[in-house]
Every structure is written in structure tokens, then in C-alpha cells.
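Q: What would the 3D arrangement of this be:
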Amino acid sequence: MADTTEAAEHLALVLSQGGLQKATARVLAAFMFADQDSITAPELAERLGISSGAVSGAIKMLSTVGLIERVPAPGSRREHYRVREGAWATLMSSQNGMVQAMFEAADRGIAAAGDGSHAARRLQEMRDFYSFMFREMPALIERWRTERVDRTTAGSDG
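A: Coordinates of the predicted model:
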């Protein structure tokens with residue numbers, strides 16, 4: 001088994017520099033470098049040396065954006081989680097609960113601020129951006145999935 005600790009910590013650093021909270025970044029990196037298909041919250045807390053509360057918050061956030069999911073683990077009394085299949089495409093899609101919430105918050109803010117206000121103008125840009133992304137992203141994600149299947153198929157031919 002390779003020692004991936006340094007690479008995982010580097011990924012966590014990059015993720016935290018990109019805006020994720022440090023504990024969430026470390027939890028996501030642990031998921032990405034896990035040797036097993038699924039992992040429990042207590043295993044993550046022990047592996048990372050962080051509190052169960054920090055792990056719980058990270059799991060909630062990563063689940064909300066569609067990166068991880070709870071999976072059945074017959075014979076185990078603990079909840080198991082794994083990186084969701086197609087997680088990165090989900091992160092950029094309308095299945096991302098946080099992106100949908102941002103769109104709805106902008107829409108609600110526009111209604112509260114009133115047309116023509118400075119706040120409404122800023123919120124309109126935010127809402128328009130997410131509206132555009134929701135319209136355009138499905139085609140881009142489909143192209144990604146097709147390319148991924150083609151690449152996987154080409155790799156299995158050799």
C-alpha cells in the first residue's frame with residue numbers, strides 16, 4: 001500500500017485555498033485517497049485526528065453538494081459514505097443543492113430588495129449566472145460523460 005499522506009494533504013491544501021473549510025477539505029481528500037470503497041465518520045475522525053463534529057459537518061456539506069453519498073453496509077451498525085459516482089459532474093449540475101439554493105436566494109433577494117435597487121442589480125447578475133449555468137451545464141456534462149465512456153472503452157481495448 002502506497003503512502004499517500006503527503007499527496008492527500010496537498011490536495012486538502014489546494015481545496016482549502018479554493019474556499020473549502022480546512023476540515024472539509026481534509027475529509028474530501030481522505031475520501032479521495034481511501035483504500036476502501038466506503039468509510040465511516042469515526043474512521044475519518046481517527047484517520048485525520050479531528051473531532052467527530054468536524055467530520056459530521058464536512059460530511060453534511062459534501063453530501064449537500066453531491067460529492068459523497070451514504071451507502072448501505074450490510075452487517076455494520078455505522079453509516080458508511082463514499083465518493084459519489086459522477087461526483088464532479090454532479091458538483092457542476094443542478095443536482096448540487098447548494099448551487100440551487102444560491103439561485104433561489106438570489107431570486108428571493110431580488111424580490112425583497114425591489115427592482116431598480118443596487119442590491120437587486122447585483123443579485124440579478126448572480127441569479128442570471130446560475131440560470132445560464134443551469135441551461136448550459138447539462139450539455140457540457142453530457143459531453144464529459146460521453147468522453148469519459150469513450151476514454152474508458154478505448155483503454156479497455158488495449
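
Q: what helices or strands is the one helix or strand in the chain whose mean pLDDT sits lowest leaning on?
A: Lowest on mean pLDDT, DSSP states H and E among the helices and strands of the chain sits helix 87-91, with a mean of 81. Counting contacts by 3 or more Cβ pairs under 8 Å, 6 or more residues apart in numbering; DSSP states H and E, helix 87-91 is packed against helix 118-157. Yep, even glycine has a C-beta here, placed from its N, CA and C like the rest.

Q: taking the mean pLDDT, what do you get for the helix or strand just after the least confident helix or strand of the chain?
A: Downstream of helix 87-91, the first helix or strand assigned by DSSP states H and E is helix 97-113. Averaging pLDDT along helix 97-113 gives 87.

Q: now swap in stretch 132-146 and tell me
A: Stretch 132-146 comes out at a mean pLDDT of 86.

Q: Now do the buried residues in that stretch.
A: Judged by neighbour count (16 or more other Cβ atoms under 10 Å), stretch 132-146 contains these buried residues: 133, 137, 141.

Q: What residues does the first one make contact with?
A: Yep, that's Met133 we're talking about. With contacts defined as Cβ atoms under 8 Å, 6 or more residues apart in numbering, the neighbours of Met133 are 92, 99.

Q: Is it possible to get JSON lines of the buried residues of stretch 132-146 that adds distance to Ala12?
A: Formatted as JSON lines, the buried residues of stretch 132-146 follow (distance: Cβ to Cβ, whole Å):
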{"residue": "Met133", "distance to Ala12": "26"}
{"residue": "Met137", "distance to Ala12": "26"}
{"residue": "Ile141", "distance to Ala12": "26"}
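
Q: Return the member of those nearest to Asp3.
A: Asp3 lies nearest to Ile141 out of these, by Cβ to Cβ, at 34.3 Å.

Q: Could you list the low-pLDDT ranges of the chain?
A: Scanning the chain for pLDDT under 70 picks out 1-2, 94-98, 156-158.

Q: still on that earlier bit, what would the least confident helix or strand of the chain look like as PDB? C-alpha coordinates only.
A: What follows is helix 87-91, C-alpha atoms only, in PDB (Å, rounded to 0.1, in the frame of the first residue of the first chain):
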ATOM      1  CA  ALA A  87     -19.400  13.300  -8.300                       C
ATOM      2  CA  TRP A  88     -17.600  16.000 -10.300                       C
ATOM      3  CA  ALA A  89     -20.300  16.300 -12.900                       C
ATOM      4  CA  THR A  90     -22.900  16.300 -10.100                       C
ATOM      5  CA  LEU A  91     -21.000  19.100  -8.400                       C
END
